[in-house]
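**Student:** Coordinates only, no sequence provided:
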């Protein structure tokens, strides 16, 4: 009996311990569950599409890159201001004019900011714009072809940083000079005459709503500050533009110290509709200026570069109702307008607080002339009169703010390396997450527009250190994706980036993908050297220039035997890709060419220039693996001595062995 | 009893998870977004301003304060910083109990305010410092630098040494800088 009882107790214990053990087989502790969840939230299964395109500037690589969100997968490197030997951009005869400037051909720039075109404040998926920070330019990319279609140089600019931000309906994009410089006829001046001679310049570039073509409508001549960033008003503030200014001290040396002397610099509010009126009334001053305007035309698959000669200027000190200054603590960097258009967030990059200004209050202050004084005759609105409120102690080094559709703002903090979420109305800090490391810009899909899609925020970091396997002193830069659909931001993915991911916009794929061009139609190809069919392939001598109109189709080049080229000739290989099949480009390269390869899309013609430097047989071949007989897709060019009588001839498939 | 042990053994076989290996491979790594830059393992690079403070036996109180205020990572980031670093002796000069009070979690804001008053964003090397120079510190309050016969003071505290870090410069000072009362 006693034994029975003991046995029963023991049996119960065994069952209980069994339950405990069984429980231990259940899914693991909350941390691992959270991670599993995070992984699935960034995972896009093979063959499936991402929800958003992320158009990311490449900073010092002068390009843009196209990623998918939430996977972080890289789809394309899109050359804009820098040559790209991979595709021949800047090397082909057709694309060389794109990089022409008043200084001549410039093969590189520093592309900082992206602006995606909007209609009524919402992304429309037509164009992406980018700025060249070094040699001032703006570029327009066609989102159907993901190609750079237009580059406009900006005269009277010392460096185009405050750009290419756009108005609500893409009426204008702006280009504000980072460095003030002397302009006009008096440019050879002592640097120490900064206050007297150095001026700022803000260009308003008109965008043609039909074809996107850009032209400088007018330039505002402004005080000699550094113009950093800007955003257009929207909704009620449409018609206004807001620019952050630093170095209102007007220092010209050791800015690290001397441009940080004042407690407050300025946000510059510009009534561009008013400026437009003055221009319409003919009050602008036409000044001489030299700047290149380069347009790529897909009909002829070629770019042209035109040198413009003048620009219309409005000096804001002569038109006191265009521009107003709003004091903003210290060296404001970001200057971001919320989706409603009512709130303007100033981010003093050295400050541990952020002022949020109210458009309504700014308008009232202007109406009441509620000014604390003026700067060179330009009214300075009282700080308190423009202020909605301050975000207290949000973090260290606030830089940039983007928004969701629920009234929240997300601000990057460079010094403390974090993203801080706060409520725009109440100014209350709601959440913070670290970034790895030293975040610059950040992006919420639709975040700078009237219609954000607050699902993710992406951090673009300046420092990577130990986040990935090391690759020597130079590391990839990086981005991080956070899920912001809940109350708390959650890191779901780290991904490496190409170049410096400076700023980016993300746009729903549904606005872009359906319009993507698959092929160029051969019958629309108006390139002057196109060979639309192998029957049109030819080699023509014009003095010392030899033009080869060559076709490419799986798996041969026509012609593939060329003779009669001589030392001293310049040979132009105009390659027409006869394929009319999606994703079948052909490439072309020739041995010893001091140039690049070219990639030619289906139906397109592109030209590679070759100057022979020795007598002999020079092979050429297709560089883009196109078929099982890709290795056979090749040919020979015979180069004879100067003055040789070798006749010019060309063929494909013609066998004429000499026995 | 033997019988019981058999039951126990059988129970273990039945109930214990027979998929030990599978469980291990399926187990996701813990959500380890990583520490901040202060956790980067790197013994080759020059020391940043935090590592300079950590390696100084005279700055253990400051380091404890930075940790309590969660400022270790911020000051390990790119900066650039000028940090005025009070010695342990300087903290000892504060009224008894002050440091202990500040290190309590509920005093974090006050502690942060004091520490932010010791940091300027920008590298001010000695040759740049001029007599009477004002610096607007991270907490948005000014300190005044003086330089007489090559001797530098900040709000009257003596700079008794300096060290150049990878992300800024550290000036060792003999008093704690107390920010003006918050308005």
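**Tutor:** That came in fine, so what should we check first? The structure presented is a predicted model; accordingly, all values stated were derived computationally and were not measured. Numbering: from 1, shown residues only, chains lettered A, B, ... in the order given.

**Student:** in the chain, which ranges drop under the pLDDT threshold?
**Tutor:** Using chain A here. Regions of chain A meeting the criterion pLDDT under 70 cover residues A:1-36, A:658-659.

**Student:** Not quite, go with chain B.
**Tutor:** Low-confidence segments of chain B (pLDDT under 70): B:1-34, B:182-183.

**Student:** make it 90
**Tutor:** B:1-39, B:41-43, B:79, B:136, B:138-140, B:181-183 (pLDDT under 90).

**Student:** Wasn't residue A:535 part of a helix?
**Tutor:** Yes: with DSSP: H, G, I helix; E, B strand; the rest coil as the criterion, residue A:535 is located in a helix.

**Student:** Tell me how far it lies from chain B.
**Tutor:** In this structure, residue A:535 and chain B are separated by 62 Å, where distance is defined by C-beta to the nearest C-beta, to the nearest Å. Placement of C-beta: from N, CA and C, glycine included.

**Student:** and after the strand or helix carrying residue A:195, which helix or strand comes next?
**Tutor:** With elements taken from DSSP states H and E, the one containing residue A:195 is helix A:194-197. Next along the chain after helix A:194-197, taking DSSP H and E as the criterion, comes strand A:198-207.

**Student:** Can you give the strand pairings for that next one, parallel or anti for each?
**Tutor:** Paired neighbours of strand A:198-207 in the sheet (DSSP bridges): strand A:172-177 (antiparallel), strand A:181-182 (antiparallel), strand A:214-222 (antiparallel).

**Student:** can you list those strands in a markdown table and add mean neighbour count?
**Tutor:** Shown next, in a markdown table, are these (neighbours: other C-beta atoms under 10 Å in any protein chain shown):
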| stretch | mean neighbour count |
| --- | --- |
| strand A:172-177 | 28 |
| strand A:181-182 | 18 |
| strand A:214-222 | 22 |
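
**Student:** Quick check: phi and psi at the residue sitting nearest the centre point of chain B.
**Tutor:** Ranked by distance to the mean C-alpha position of chain B (C-alpha atoms, centre = their mean), the top residue is residue B:72 at 2.6 Å. Phi and psi for residue B:72, reported as degrees, to the nearest 10, are phi -60, psi -40.

**Student:** How much space separates it from residue B:112?
**Tutor:** For residue B:72, the distance to residue B:112 equals 12 Å [C-beta to C-beta, to the nearest Å].

**Student:** Check residue A:551 too.
**Tutor:** Going from residue A:551 to residue B:112 by C-beta to C-beta gives 70 Å.

**Student:** Which of these two has more residues huddled nearby?
**Tutor:** residue A:551 (25 against 21; other C-beta atoms under 10 Å in any protein chain shown).

**Student:** Confirm for me that the more buried one is in contact with residue A:573.
**Tutor:** No: Residue A:551 sits out of contact with residue A:573 when judged by C-beta atoms under 8 Å, with a separation of 11.2 Å.

**Student:** doesn't residue A:406 fall inside a helix?
**Tutor:** No: in this structure, residue A:406 is coil, not part of a helix, as judged by three-state DSSP.

**Student:** and it, how many neighbours?
**Tutor:** With other C-beta under 10 Å as criterion, residue A:406 counts 11.

**Student:** Can you name the residue of the stretch 301-450 of chain A nearest to chain B?
**Tutor:** Evaluated by C-beta to the nearest C-beta, the stretch 301-450 of chain A has residue A:416 as its residue closest to chain B, separated by 4.4 Å.

**Student:** Settle this for me: that residue is touching residue A:397, isn't it.
**Tutor:** Yes: in this structure, residue A:416 sits in contact with residue A:397. The criterion is C-beta under 8 Å, and the distance is 6.4 Å.

**Student:** Could you export the strands paired with strand A:198-207 as TSV, including distance to residue A:564?
**Tutor:** As requested, the strands paired with strand A:198-207 are arranged in TSV below (distance: least, C-beta to C-beta, whole Å):
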stretch	distance to residue A:564
strand A:172-177	50
strand A:181-182	53
strand A:214-222	44
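
**Student:** Out of those strands, which gets nearest to residue A:98?
**Tutor:** Ranking the strands paired with strand A:198-207 by their distance to residue A:98 (criterion: C-beta to C-beta) puts strand A:214-222 first, at 13.4 Å.

**Student:** tell me the angle whichever helix or strand comes after that closest one makes with strand A:198-207.
**Tutor:** Towards the C-terminus, the helix or strand next in line after strand A:214-222, according to DSSP H and E, is strand A:226-232. For strand A:226-232 against strand A:198-207, the angle between stretch directions is 30 degrees (axes from the mean of the first three to the mean of the last three C-alpha atoms, to 10 degrees).

**Student:** ok, and does the next helix or strand after strand A:226-232 reach over to chain B?
**Tutor:** Scanning forward in sequence from strand A:226-232, with DSSP H and E defining helices and strands, the next element found is strand A:240-246. No: using C-beta under 8 Å from any C-beta of the partner chain, strand A:240-246 stays clear of chain B, with a minimum separation of 13.0 Å.

**Student:** In terms of secondary structure, what does the lengthiest strand in chain B contact?
**Tutor:** As assigned by DSSP state E, the longest strand anywhere in chain B is strand B:157-165. Other elements packing on strand B:157-165 under the criterion 3 or more C-beta pairs under 8 Å, 6 or more residues apart in numbering or on different chains; DSSP states H and E are helix B:49-54, strand B:81-86, strand B:151-154, strand B:168-173.

**Student:** how about the third one, does it get close to chain A?
**Tutor:** No: between strand B:151-154 and chain A, judged by C-beta under 8 Å from any C-beta, nothing touches; the nearest distance is 14.9 Å.

**Student:** which helices and strands does that strand pack with?
**Tutor:** Under the contact rule (3+ C-beta pairs under 8 Å, 6+ apart), strand B:151-154 is packed against strand B:142-148, strand B:157-165, strand B:168-173.

**Student:** roughly how far is the first one from the heart of the chain?
**Tutor:** If I follow you right, that is strand B:142-148. What separates the centre of strand B:142-148 from the centre of its chain is 25 Å, taken as C-alpha atoms, centre = their mean, to the nearest Å.

**Student:** And for stretch A:381-401?
**Tutor:** For stretch A:381-401, the gap between its own C-alpha mean and the chain's C-alpha mean amounts to 27 Å (C-alpha atoms, centre = their mean).

**Student:** List the buried residues for that stretch?
**Tutor:** For stretch A:381-401, the neighbour count (16 or more other C-beta atoms under 10 Å in any protein chain shown) marks A:381-383, A:385-388, A:391, A:393-401 as buried.

**Student:** same check, this time on stretch A:427-440
**Tutor:** Of the residues in stretch A:427-440, those with enough neighbours to count as buried (16+ other C-beta under 10 Å) are A:427, A:429, A:431-440.

**Student:** Where strands are concerned, which of those count?
**Tutor:** Among the buried residues of stretch A:427-440, the subset assigned to strands under DSSP E consists of A:429, A:431-434, A:439-440.

**Student:** Can you tell me how far residue B:153 is from residue A:401?
**Tutor:** Taken as C-beta to C-beta, the spacing of residue B:153 relative to residue A:401 amounts to 39 Å.

**Student:** circling back to that earlier point, can you put the helices and strands packed on strand B:157-165 in JSON lines and add mean neighbour count?
**Tutor:** As requested, the helices and strands packed on strand B:157-165 are arranged in JSON lines below (neighbours: other C-beta under 10 Å):
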{"stretch": "helix B:49-54", "mean neighbour count": "22"}
{"stretch": "strand B:81-86", "mean neighbour count": "25"}
{"stretch": "strand B:151-154", "mean neighbour count": "17"}
{"stretch": "strand B:168-173", "mean neighbour count": "24"}
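
**Student:** For the ones you listed, give me JSON lines that also has distance to residue A:181.
**Tutor:** Output for the helices and strands packed on strand B:157-165, formatted as JSON lines (distance: least, C-beta to C-beta, whole Å):
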{"stretch": "helix B:49-54", "distance to residue A:181": "36"}
{"stretch": "strand B:81-86", "distance to residue A:181": "30"}
{"stretch": "strand B:151-154", "distance to residue A:181": "36"}
{"stretch": "strand B:168-173", "distance to residue A:181": "31"}
